[in-house]
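**Student:** Next comes the sequence, and after it the predicted model I'd like to discuss.
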Amino acid sequence: MRAFYPQKVRALWNLSVDRMSANPPITIQDVLTAYAMGLFPMAERADEQGFYWYDPPLRGQMDIVRLHVPRSLKKFVLKSPFTITVDQDFPGVMAGCAARTDDRPQTWINDGIRTLFTDLHAAGFAHSIEVRNADGALVGGLYGLAIGAAFFGESMFSRASGASKTALIHLCARLWRGGFTLLDTQYLNPHLEQFGAYEIPRDQYLTRLHQAIPRPADFNLRGFPGLSEDQLIRAWFEMRATNQ
């Protein structure tokens, strides 16, 4: 896999450039270094060969604890018709996020991005949350990257009403229990704004990022053996009620 830009080292370290890519092939450590510097990769189109590293002046953020959840959505999630799984079908979630729909005729997830994150998943850094219907079919989900106590949300999808919203709420519950302090959405969009997502300037984002990366956190919740998704989500809602 290759991403395209003239000088790999310059691209990874020159924060004044807003779009960057690399040649020769980048390694997993290169990716982790880039994210730790505030960069993230995107392709312009699904059918293009390479991708760029982005460093926007404003970064989308979500509050893991104070996520805005309307009462009707809370009721839906607590009585959800869905089953939630974690890291059981990372390729399926990426395929769902990359699929073109009537509402999304073009996507930034190309073969290079899929290969990159498949490798990151195999190395234990990229994770997925799957939302399944009563038949076990994948109807929604999201994926992202975990480094220290920072989680970088990459993309989500939904094939059933409420599926992506359910995935996001379960993600926040998991990040809370796992000790994460930063949830980066990269860009802001209307779907995320309804949950209270907001933007901060690059310098403020980097301060938060550099505080989060060295902190220990565990997406897999190994310190809570046997904790079910239902128990996790109820504990998160109870914590929120206590802290109001």
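**Tutor:** The structure has been received and is ready for your questions. Numbers count the residues shown, from 1 in each chain.

**Student:** only C-alpha atoms for contact and neighbour calcs from this point on.
**Tutor:** Noted.

**Student:** Any idea which residue is closest to the centre of this structure?
**Tutor:** Gly153 (1.6 Å; C-alpha atoms, centre = their mean).

**Student:** separation between that residue and Pro225?
**Tutor:** 25 Å (C-alpha to C-alpha, to the nearest Å).

**Student:** Could you find the closest non-adjacent residue to Ala126?
**Tutor:** Leu145 (4.3 Å; C-alpha to C-alpha, 6 or more residues apart in numbering).

**Student:** I'd guess the one you found is in a strand, am I close?
**Tutor:** Yes - per DSSP: H, G, I helix; E, B strand; the rest coil, Leu145 lies within a strand segment.

**Student:** Isn't it up against Gly124?
**Tutor:** No - applying C-alpha atoms under 8 Å, one finds Leu145 not in contact with Gly124, separated by 9.2 Å.

**Student:** Looking at those two, which is more packed in?
**Tutor:** Leu145 (22 against 15; other C-alpha atoms under 10 Å).

**Student:** List the contacts of that one.
**Tutor:** Leu145 makes contact with 120, 125-127, 151-154, according to C-alpha atoms under 8 Å, 6 or more residues apart in numbering.

**Student:** Out of those, list just those in strands.
**Tutor:** 126-127, 151-154 (DSSP state E).

**Student:** Tell me the spacing between the residue nearest to Ala149 when sequence neighbours are not counted and Tyr35.
**Tutor:** For Ala149, ignoring the flanking residues on the chain, the nearest one in space by C-alpha to C-alpha, 6+ apart is Phe180 at 4.2 Å. Counting by C-alpha to C-alpha, the separation of Phe180 from Tyr35 is 16 Å.

**Student:** same deal with Asp184?
**Tutor:** Counting by C-alpha to C-alpha, the gap from Asp184 to Tyr35 is 11 Å.

**Student:** Domains in this structure, by residue range?
**Tutor:** 8-56, 59-243 (automatic domain parsing).

**Student:** Now do the shortest one, average pLDDT.
**Tutor:** Per-residue confidence for domain 8-56 averages out to 69 on the pLDDT scale.

**Student:** and if you look at the last one?
**Tutor:** Per-residue pLDDT over domain 59-243 has a mean of 95.

**Student:** got the end-to-end distance for it?
**Tutor:** Domain 59-243 end-to-end distance (C-alpha to C-alpha) = 26 Å.
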